[in-house]
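**Q** Got a predicted structure plus its sequence, pasted below:
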Amino acid sequence: MKLYTVHKKQKLPISLNEAWAFLSDPSNLSLLTPKEMNFTIISKDQKPMYAGQVIQYSVTPIAGIKTKWISEITHLKKGNYFIDVQLFGPYSFWHHKHFIHEIDGGVEMEDIIDYKVPFGILGQMLQPILIKPKLEEIFNYRQQKITEIFGKFNN
């Protein structure tokens, strides 16, 4: 089965500490997810993010189909990166790396998502016409909302 990747970068005019505080707080995910996806945190560990943390969500990714999504934070280096993997959810495989790098005038946020689609050959056929465009839409929305919250980066 084929592995697909989405790779996004965004520069923000904020400090590393501000970026980390916002991005490492799972409760902020609902602000960064399109409303039509009905994203809701079902259960969340109230402690600061740590490796081994399990977070449960309810989400409607496509065509009004509601599903549970369970993620685990598998790796974390405070102020630098964290990795979440899907333990249960709509993808056959989901591995999402979140990096934050200091740059002149702010930070650069980088997301690298490696995933496999479900449903075998049918999923692979739907990948370029439904799944990949939906993921691009979600991450473009995320970038737009982050710009609204923190402002535009000026070089």
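**A** Cool, the structure landed. Keep in mind it's a predicted model, so treat the numbers as computed, not measured.
**Q** all strands for the chain, in order.
**A** 4-12, 40-43, 54-62, 65-77, 81-88, 93-103, 106-116 (DSSP state E).
**Q** average pLDDT across the third one?
**A** The reference is to strand 54-62. The average pLDDT within strand 54-62 is 90.
**Q** and the angle from the lengthiest helix in the chain to strand 106-116?
**A** Using DSSP state H to define each element, the chain has its longest helix at helix 132-150. Put simply, helix 132-150 runs at 160 degrees to strand 106-116, going by axes from the mean of the first three to the mean of the last three Cα atoms, to 10 degrees.
**Q** any idea how far helix 132-150 is from the chain center?
**A** Taking Cα atoms, centre = their mean, to the nearest Å, one finds helix 132-150 lying 10 Å from the centre of the chain it belongs to.
**Q** pLDDT on that helix, on average?
**A** 96.
**Q** same question, stretch 21-38
**A** In the prediction, stretch 21-38 has an average pLDDT of 92.
**Q** mind checking the end-to-end distance for that stretch?
**A** Counting by Cα to Cα, to the nearest Å, you get 24 Å between the two ends of stretch 21-38.
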